[in-house]
Every structure is written in structure tokens, then in C-alpha cells.
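S.K.: Here's a sequence, model it:
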Amino acid sequence: MTGVGLRERKKLKTRVALIDAALDLFLEQGYESTTIDQIAAAVDVSPRTFFRYFGSKEEVALAPATDAQDVFLSELHDRPGTESPFTALAQAMRGAVALLRDGEPEDKQRFLKARQVVEATPTIFAGQMRLMLANERRILEEVARRRGADDLRSQFVTATFTSTIRVGFENCTVEELSDLEGMTKRLEDTFALVDDLMTPDWDR
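M.R.: I've put the predicted structure just below:
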């Protein structure tokens, strides 16, 4: 392991520790009652160090959602260019969910805690909505690139995908999300519904 690699690992470890400490404090005493000083102290770092990783409490609370979106977009980027836009989106989401389902238990618990914080905190819920809108614009760019046109159909494909995810995933309760196998089945059921309702090549 090179020196740079070791430094990166240490930075990642500190980032994850700050996220975990923040989520635990938010759930224990509430988002509004938790200070950045408390989060930093729980990890035995200074508030200045906290701000090297996150710009605010909201940013650290939404970090798991941001990371999940980045994983999905990375999976989408790797999908073959021969796939139709909706197929590529669905396969990318399957890949992202599989990584969470089959990954480390700590990552799953972090994801679930973040969902609890979002559901319990209107401020963070609003922040997640902003994240979703920004992510939707990035999805639209990819759909338009694959279709070669940023038009009404590309917008419809994007909206159909995001609506499918909301029905199949984001509207699940925390209890349902704790069973990622069940959540995966629900997601597949919604993808199947789209297949049943749409005509062939509707997304091209």
C-alpha cells in the first residue's frame, strides 16, 4: 500500500466515522438538538476537521443518500450502449441495490439509519427532495445521450423511471427496507409492471 493509498483509507475511515456518529446522535437526541461540535467530539476530531469533509449538518445527514446516488450513476455509466434507456436505468438500479444487499452489514445499517433520520426530520426530507431533483437532471442527461435527443420522450422516460423507483423503493417503510430481499422483489414487481403496460421500444 502506498503512502497516498494509506492517506486515502484514513480519510475514508474518518468520513464514515463522522457519518455514523452524526446519524446516531440525530436518532438519539434529534437533528435540531445535535451540534457539529458534538459530532466531531464523538469521533475525537475538531470541528475544523468536520468541515474538511462536510459543509453542514444537512450534508452529513444526506451523505448516505448522496453516496447511493453516485453508486447508481456509476452503474448506469457502465451499462452497454446497446441497451435502451429504461433497460439501462433498471439494470443500473438492480446493480446498486445488489451492492447494498450483498455488501457489508455496516453499510446496510448506515443506509437504514439515514432513512430514519430523513423520515423523522422535515428539514432533511426537503434536502433529500432537492437531491432527487438534481439526480433526476443527471438521469435525463444520460437518457438524452442514449436517445440522441433531449426532448419530451426523454423527459417521459426519466419521469417514468423515477416514479417507478418511488413506488418500488422510496415509499417502503423502514421495516420493509430492513428486508432488502423483500425490497428487491417489490422493485422487480414495479419494473415488471412497466414492461406490461408499455409498448415495445417506448423508451427509444
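S.K.: From the centroid of this structure, which residue is nearest?
M.R.: Nearest residue to the geometric centre of the chain (Cα atoms, centre = their mean): residue 68, 2.9 Å.
S.K.: Residue 53 versus that one, what's the distance?
M.R.: Separation of residue 68 from residue 53 (Cβ to Cβ, to the nearest Å): 17 Å. (C-beta placed from N, C-alpha, C; glycine too.)
S.K.: what about the protein, any weak spots by pLDDT?
M.R.: 1-4, 169-180 (pLDDT under 70).
S.K.: ok, back up a step: mind listing what the residue nearest to the centre of the chain touches?
M.R.: In this structure, residue 68 makes contact with 96, 100, 111, judged by Cβ atoms under 8 Å, 6 or more residues apart in numbering.
S.K.: domains for the chain, by residue range?
M.R.: Per automatic domain parsing, the domain ranges recorded for the chain read 3-55, 62-197.
S.K.: Can you name the next helix or strand after the helix or strand harbouring residue 137?
M.R.: According to DSSP states H and E, residue 137 maps onto helix 122-147. Heading C-terminal from helix 122-147, the first helix or strand you meet, by DSSP H and E, is helix 152-165.
S.K.: Tell me which residues are up against that next one.
M.R.: Residues outside helix 152-165 that contact it (Cβ under 8 Å, 6+ apart): 85-86, 89-90, 93, 132, 136, 139-140, 143-144, 147, 187, 190-191, 193-194, 203.
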